[in-house]
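> okay, here's the prediction I keep looking at, along with the sequence it came from:
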Amino acid sequence: MIVIDYDKILSNKIKNIKPSGIRKFFDIAGTMEGVISLGVGEPDFNTPWVIRKAAINVLERKHIVYGPNKGLAPLRKAISDKINKKHKVEYDPDSEIIVTVGGSEAIDLALRGIIDPGDEVLVVEPCFVCYAPLIELSGGVAVPVPTRLENNFKLTVEDLKDKITPRTKMLILPFPNNPTGAVMTKKDLEPIAELLRDTDIMVLSDEIYSELTYGMRHFSIIELEGMRERTIYVNGFSKAYAMTGWRLGYVSAPEPIITQISKIHQYGIMCSPYISQNAAIEALTSCDKEVTKMVDEYNTRRKYLVSEFNRLGLTCFDPEGAFYVFPCIKSTSLTSDEFCERLLYEEKVAAVPGSAFGASGEGYMRISYAYSLKHLMEAMSRIEKFLKKLEAEKK
Amino acid sequence: MKNKIISILQQNARISNTALGEMLGISPEAAEAEIKKLEDDGVIRGYSVIIDEDKYDRSTVHATIELKVTPQRDCGFNDIAKTIMMYDEVESVSLMSSGAYDLAVEVKGADLKDVAFFVSERLATIEGILSTSTHFILKKYKEKGIFIDGEEQDERGLG
């Protein structure tokens, strides 16, 4: 029998990458009966019918081919028009946009295109789990920049200033934010832009939740003077159009950057899924009404959850974007991990511990409201029961 | 505000004033007042319950009956519709734009015979009714936006 020590074969770089903290927890939940989850990061709505219909038409009538590396020309044109309409910023469809396999690939391209070994990347935390591992895979060093409840989880210049070193290559700006739901307004972004203008630091602006804002229009850093030139803009179809399974996103940036990173896409991916790309044209050109409807429904759930958590004594910041609330559980004297584990075992509610999104997420939990009101109301009644129990234990 | 309240109540009419208020960003008292106003204005006519008949009581049968009717002088279809809706067995009466029939009537009975008797003895004998066509309902999958059977499992991961 041949015994192979795979540990010796595997790359050290990959072995050192930590698995996602979200996953570990939900593997347990998966084995239990009657668990009500608040964990998902994707819409509960189905993809609007006109988009699905467009895909069906392609399947019926077209030859399903690779397509151009950077994406179908009409889709790149539609993306360029969309950004221009939203932000009054122009990107050339031919040379400044790549259609990617989800926002995730777009993030990966941006990081790999910019980072050389030892380069530092500032990561605004709490944040989605993919940035630090992808930075490490590129040989870079992730430098967390914590945001705080006192600042409504917004990034401030003070937070940023002392993290910048001569090795700082990039700042990841993930707003509207997963998991906090925080947004950055024009006023919030101006001082950040002011600070960055005198540097060579690039911004990776991950705006995947940009369509999901409540009571305000999303503002992008690319709108500020001099920032289009130093920003890699990432967006996608998953959250806005409920198209997660279609795996489609995009990255836009100045031509020299796109020219270089399109090589990574070209060799690693070849091109994004042809059927999805055709459907996405429909999404961009005729689904504004559907998006508004979904946002309206999310907003009702958001208001309900924020009030409920505050009523139950868990301070809950009023998020203005994405589909998460991020209540503070410090008053229970439990850590996020302990709180979520007990909530799962004792009341069968699965939520993600804030610590999964970076050290600054400790003391919070992420609650997704990509669920029906009925589902959320059941979950809240269980959480209320759990909190009463904790209260009783204290006495 | 009105549309939002109706849409929430259509999903769950038993929602508490507190929860409703939280969803609308108003106080429980204000939520209660809004509902009261919709009731007073006659927008909300009542609250019902959607049940899975299979689980509740297997002996109940439902049928949709298509009626072809001669419109009456002066009052059109209203008079006949009002006569029909007085029966306890009748759950709904709607005037249709179809050319094939005029009134759609939903009827509930203890069994097939019960419904058949009601149609032939009560409905068909009303003056002005030209013909009836009875369709028995075998199974309900969804009613008033609520899934009764066949709801898809949540297969979402954790993204």
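Great, that's in hand.
> longest helix in chain A, please.
For chain A, the helix that runs over the most residues, judged by DSSP state H, is helix A:288-311.
> against which helices or strands is the following helix or strand past it packed?
Downstream of helix A:288-311, the next assigned helix or strand under DSSP states H and E is strand A:324-325. Packing partners of strand A:324-325 (3 or more CB pairs under 8 Å, 6 or more residues apart in numbering or on different chains; DSSP states H and E): helix A:288-311, strand A:365-368. From N, CA and C alone the C-beta is placed, and that goes for glycine too.
> thinking again about what came up before, is chain B contacted by the longest helix of chain A?
Yes: looking at helix A:288-311 against chain B by CB under 8 Å from any CB of the partner chain, the contacts come from A:300, A:301, A:303, A:304, A:307, A:308, A:311.
> circling back to that earlier point, which of the helices and strands packed on strand A:324-325 sits most buried?
strand A:365-368 (a mean of 27; mean count of other CB atoms under 10 Å in any protein chain shown).
> need the three-state assignment for the residue of the stretch 1-150 of chain A found nearest chain B.
Closest contact between the stretch 1-150 of chain A and chain B, by CB to the nearest CB, is at residue A:41 (3.4 Å). Three-state call for residue A:41 (DSSP: H, G, I helix; E, B strand; the rest coil): coil.
> and chain B, which of its residues are near chain A?
Residues of chain B lying near chain A (CB under 8 Å from any CB): B:4, B:8, B:11-12, B:15, B:18-19, B:21-25, B:154, B:156-159.
> touching the helix ranked longest in chain B from outside, list them.
Taking DSSP H as the criterion, chain B has its longest helix at helix B:28-40. Helix B:28-40 is contacted from outside by B:1-2, B:5-6, B:9, B:16-18, B:20-21, B:24, B:26, B:44, using CB atoms under 8 Å, 6 or more residues apart in numbering or on different chains.
> could you rerun that using 7 Å?
B:1, B:2, B:5, B:17, B:18, B:20, B:21, B:24, B:44 (CB atoms under 7 Å, 6 or more residues apart in numbering or on different chains).
> so which of the residues you listed are in helices?
Counting by DSSP H, the contacts of helix B:28-40 place B:2, B:5, B:17, B:18, B:20, B:21, B:24 in helices.
> hmm, the last one is touching residue B:2, no?
No: taking CB atoms under 7 Å as the contact criterion, residue B:24 and residue B:2 are not neighbours in contact, 10.7 Å apart.
> so these two - more neighbours on which side?
Neighbour count, other CB atoms under 10 Å in any protein chain shown: between residue B:24 and residue B:2, residue B:24 has more, with 19 against 11.
> what about residue 64, neighbour count?
Unless you meant another one, I'm taking chain A. The burial count for residue A:64: 11, using other CB under 10 Å.
> hm, I was asking about chain B
For residue B:64, the count of nearby residues is 16 (other CB under 10 Å).
> that one sits in which helix or strand?
strand B:61-69.
> buried ones in that strand, by neighbour count?
Of all the residues in strand B:61-69, those buried under the rule 16 or more other CB atoms under 10 Å in any protein chain shown are B:61, B:62, B:63, B:64, B:65, B:66, B:67, B:69.
> helices or strands next to that strand in the packing?
The contact analysis (3 or more CB pairs under 7 Å, 6 or more residues apart in numbering or on different chains; DSSP states H and E) places strand B:61-69 against strand B:103-109, helix B:112-117, strand B:129-137.
> who touches stretch A:131-145?
Identification of contacts with stretch A:131-145 by CB under 7 Å, 6+ apart yields A:13, A:17, A:107-108, A:111-112, A:115-125, A:155, A:159-160, A:163, A:172, A:358-359.
> tell me the spacing between residue B:109 and chain A.
31 Å (CB to the nearest CB, to the nearest Å).
> let me fix that: residue B:143
Taken as CB to the nearest CB, the span from residue B:143 to chain A is 15 Å.
> go through stretch B:104-118 and flag the buried ones.
B:104, B:105, B:107, B:108, B:109, B:114, B:115, B:118.
> typed the wrong thing, it's stretch A:225-245
Taking 16+ other CB under 10 Å as the criterion, stretch A:225-245 shows A:227-228, A:230-244 as buried.
> how about stretch A:93-105?
Residues of stretch A:93-105 classed as buried by neighbour count (16+ other CB under 10 Å): A:93, A:96, A:97, A:98, A:99, A:100, A:101, A:102, A:103, A:104, A:105.
> does chain B have contacts with it?
No: Stretch A:93-105 does not reach chain B (CB under 7 Å from any CB of the partner chain); its nearest approach is 9.4 Å.
> what are the phi and psi angles of the closest residue in space to residue A:309 that isn't next to it in sequence?
Closest residue to residue A:309 apart from its sequence neighbours, by CB to CB, 6 or more residues apart in numbering or on different chains: residue A:316 at 3.7 Å. Here the main-chain torsion angles of residue A:316 (degrees, to the nearest 10) amount to phi -120, psi 120.
> residues in contact with residue A:316?
Contacts of residue A:316 (CB under 7 Å, 6+ apart): A:306, A:309, A:310, A:325, A:327.
> make it 10 Å
A:149, A:181, A:305-310, A:325-328, A:364, A:367 (CB atoms under 10 Å, 6 or more residues apart in numbering or on different chains).
> would TSV of those with pLDDT be doable?
Putting the contacts of residue A:316 into TSV (pLDDT from 0 to 100) gives the following:
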residue	pLDDT
A:149	94
A:181	97
A:305	97
A:306	97
A:307	96
A:308	96
A:309	97
A:310	96
A:325	97
A:326	98
A:327	98
A:328	97
A:364	97
A:367	97
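> from the residues you listed, pick the one nearest chain B.
Proximity of those to chain B was ranked by CB to the nearest CB; the top entry is residue A:307 with 3.7 Å.
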